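# just the structure for this:
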Amino acid sequence: MAQKKWLGALCALPVLAMGPVSQGLASIQEIRNSEPIKVERHSSRWKYPNEIILGPGQQLHIVVKGDTLWDLGQKYLGNPYAWPQIWELNKWVEDPHWIYPGDPLVIPSDRYALGLDGPDPNVADLRPDPRIRVTPSGGAFGYVYAFQDFLQLPYLVPKGARTHFKELKAIRITGYQKEDRNILSKGDVIYLGGGQNSGLLVGDRLLVLKVAKSRLVHPDDKRGVSMGDVIQHVAIVRVLSIHPKNAEAVIENTLDGVEVGDHVTAFAEPTLIHSKDAPLREDILEPIPLKTTAKIIYGRNGATYFSTGSLVLIDKGIHAGLKVGDVLLTLRNSSLINEGLNPQGARGGALTNRYLGQLLVVRADETHSTCLVLTTKSEMTLGDTVTN
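Residues are numbered from 1 along each chain as shown. Here you go, the predicted structure:
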């Protein structure tokens, strides 16, 4: 196990257990040095072990609906920020954002973990490392690009939304079960305008897409020429039942809400980016040298100003040599002020490249990229320059 001090660099993890409660083993088993414990079959994304053999100082917890690694860290270790100690013992859980009722979790069962002697002094005072950037949803849990960011990701389609949905063979959301509201959230049932004829199967997980901005115009373009449409990830849904031309699905996760007219397409697990794989750059001495340059052209939800955790689009991509994982510098060309010679602060004719912050490329398309704002010295805005 990694040193416990390492855990202090991690932030809160909202890992809500999804689905029905397993009716198998008791939720908590305080068993030490036991014979193999059989795990009942249940629905889970992960290839969970069929048997568990507990070692010294370990106990078994069977996940029930509503469990989170965050809460289990508080319950067993006396501090929610110590949740990675549980995750490390259960490496078959590939993504800590998802645990399912019936999943078997091996948990430390020292006396402090059982609540007999109080919290372990090594984890009782753990706090997030301030160097870890917090995502828009409020928790980075070791990732600078987390699942919550993926759920809100915008990207540009130069050919337009209609062509894009056609190429994806996306299916339109045609209705919903509840009649008391138009914006749907987690747990709501929606109706899809495609079913068996579209290749859907019960249990399929789909990504919901919406048109966030039609006919995006570059902030430097005075002519108003469209660059294309902005599409945004909205939710993950799971197919409940299918018919030849229709289907029902339940919303598993959303941060922005789902509407009739949004589209669904095949969902693939996103590649998240850990903080260790995206270290902040240190070459930020002003004036910032220009290499390959781009401009910020759009902010999620149409925002104009951006700070840490914001998602933005820039007007360069794979053709300019950018790739997922690149850390870029953001700057603004400002007038040079010599305060020593001019106490009034009058602006002269000289210009300099002022450092604003850093971006992480999280999606790279041919001519555009989506970036997450890692850190800011000053607020960013549309039209600011980006360089590698």
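# residue 252: what secondary structure?
strand (DSSP: H, G, I helix; E, B strand; the rest coil).
# thought it was touching residue 186?
Yes: Residue 252 lies in contact with residue 186 (C-beta atoms under 8 Å); the separation is 6.9 Å. Where you see a C-beta, it was placed from the backbone N, CA and C, and this is true even at glycine.
# return every residue with contacts to both of those two.
Shared contacts of residue 252 and residue 186 (C-beta atoms under 8 Å, 6 or more residues apart in numbering): none.
# for the stretch 151-300 of the chain, which segments count as strands?
154-157, 171-176, 189-192, 205-213, 229-242, 247-254, 263-266, 273-274, 293-299 (DSSP state E, counting those that start in this stretch).
# pull out the buried positions in stretch 99-113.
99-109, 112-113 (16 or more other C-beta atoms under 10 Å).
# would you turn the residues you listed into CSV with distance to residue 323, pLDDT and secondary structure?
Shown next, in CSV, are these (distance: C-beta to C-beta, whole Å; pLDDT from 0 to 100; DSSP: H, G, I helix; E, B strand; the rest coil):
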residue, distance to residue 323, pLDDT, secondary structure
99, 31, 86, coil
100, 33, 88, coil
101, 38, 90, coil
102, 39, 92, coil
103, 34, 93, coil
104, 38, 94, strand
105, 36, 94, strand
106, 37, 93, strand
107, 39, 91, strand
108, 39, 84, strand
109, 44, 72, coil
112, 45, 42, coil
113, 43, 41, coil
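# between these, which is nearest residue 69?
residue 99 (6.7 Å; C-beta to C-beta).
# quick one: the closest one from residue 328, how far?
Residue 99 sits 34 Å away from residue 328, taking C-beta to C-beta, to the nearest Å as the criterion.
# tell me what the closest residue to residue 153 other than its chain neighbours is bridged to.
Counting by C-beta to C-beta, 6 or more residues apart in numbering, residue 233 is the residue found nearest to residue 153 once chain neighbours are left out, at 4.5 Å. Note on residue 233: beta-bridge partners by DSSP bridges are residue 209.
# low pLDDT regions in this structure?
For the chain, the stretches flagged by pLDDT under 70 are 1-34, 81, 97, 110-142, 180, 336-349.
# rerun that using 50 as the cut-off
Confidence mapping of the chain against pLDDT under 50 gives the ranges 1-15, 18-33, 111-121, 123-141, 339-346.
# follow-up on the earlier one: ranking the strands of the stretch 151-300 of the chain by burial, who's on top?
Highest mean neighbour count among those (mean count of other C-beta atoms under 10 Å): strand 154-157, with a mean of 23.
# tell me the domain boundaries of the chain?
Per automatic domain parsing, the domain ranges recorded for the chain read 1-130, 150-266, 276-387.
# circling back: wait, which of the strands of the stretch 151-300 of the chain is closest to residue 362?
Across the strands of the stretch 151-300 of the chain, residue 362 has its closest neighbour in strand 273-274 (6.8 Å, C-beta to C-beta).
# other residues contacting that closest one?
With C-beta under 8 Å, 6+ apart, strand 273-274 has contacts from 142-145, 324-325, 360, 362.
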